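# Pasting the sequence and the predicted coordinates here, then a few questions.
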Amino acid sequence: MNFKTILVAALVLGCTVLPVAAVFLYENYRTRDLTADIIARAPERGNFSPQKLTVPAGKEVKLRILNNDTVVHGFAIPALGIDAGEIKAGHVVFLTFTPNRPGAFDFYCTRWCSEFHLQMRGVLEVSGP
Ligand SMILES: [Cu+2]
């Protein structure tokens, strides 16, 4: 094997394997302390999944919300002042917050996504100390 062959092999590896490895490493890094994954779909296609989350009060919550649907959705927990805004089809948003008081807080979709939109909701239960 001459120098040119080794150089070409290194370039091919650098242009194929390294970017893929970098994507996996970055994804692993940004999801390392995730509390939950929430899939968002219109109610007739699965609704929020899960629809009930339980977290302890005073501890940071990190949610990844994936709109796995063909229409726009939203995500809000108004009682905690949280609104992710518009989540386009196929897009992901991350939300980080710390619920400081125990209780049951409704979350729901904030975009008119289907005729069953009003059923697109769930509950975040914050347990006390
Ligand atoms: Cu909706």
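Sure, I can see it. A quick note: this is a predicted structure, and the numbers were derived from the prediction, not measured.
# CA atoms for contacts and neighbours, from now on please.
Will do.
# and the next element down the chain from the least confident helix or strand in the chain by mean pLDDT?
Least confident helix or strand of the chain, by mean pLDDT, DSSP states H and E, is helix 3-30 with a mean of 93. Moving toward the C-terminus from helix 3-30, the next helix or strand (DSSP states H and E) is strand 36-40.
# Which other helices and strands does that following strand contact?
Contacts defined by 3 or more C-alpha pairs under 8 Å, 6 or more residues apart in numbering; DSSP states H and E place strand 36-40 against strand 61-67.
# And the closest residue to P78 other than its chain neighbours, how close does it get to A57?
Spatial nearest neighbour of P78, chain neighbours left out: F107 (7.3 Å); criterion: C-alpha to C-alpha, 6 or more residues apart in numbering. According to C-alpha to C-alpha, to the nearest Å, F107 and A57 sit 17 Å apart.
# Those two: who's more crowded?
The neighbour count for F107 versus A57, taken as other C-alpha atoms under 10 Å, is higher for F107 (23 against 18).
# my read: the more buried one touches G122, true?
Yes: between F107 and G122 a contact is recorded at 5.2 Å, counting by C-alpha atoms under 8 Å.
# about what we covered before: so for the helix or strand where the residue nearest to P78 lies, what gets flagged as buried?
Following DSSP H and E, one finds F107 within strand 103-108. By 16 or more other C-alpha atoms under 10 Å, the buried positions in strand 103-108 come out as 104-108.
# Redo those as CSV? Include distance to the ion and pLDDT.
Formatted as CSV, those follow (distance: C-alpha to the ion, whole Å; pLDDT from 0 to 100):
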residue, distance to the ion, pLDDT
A104, 20, 98
F105, 18, 98
D106, 14, 98
F107, 11, 98
Y108, 8, 97
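# now A10: how far from L80?
51 Å.
# The two: which is more packed in?
Neighbour tally, A10 and L80, criterion other C-alpha under 10 Å: the higher count belongs to L80, 15 against 11.
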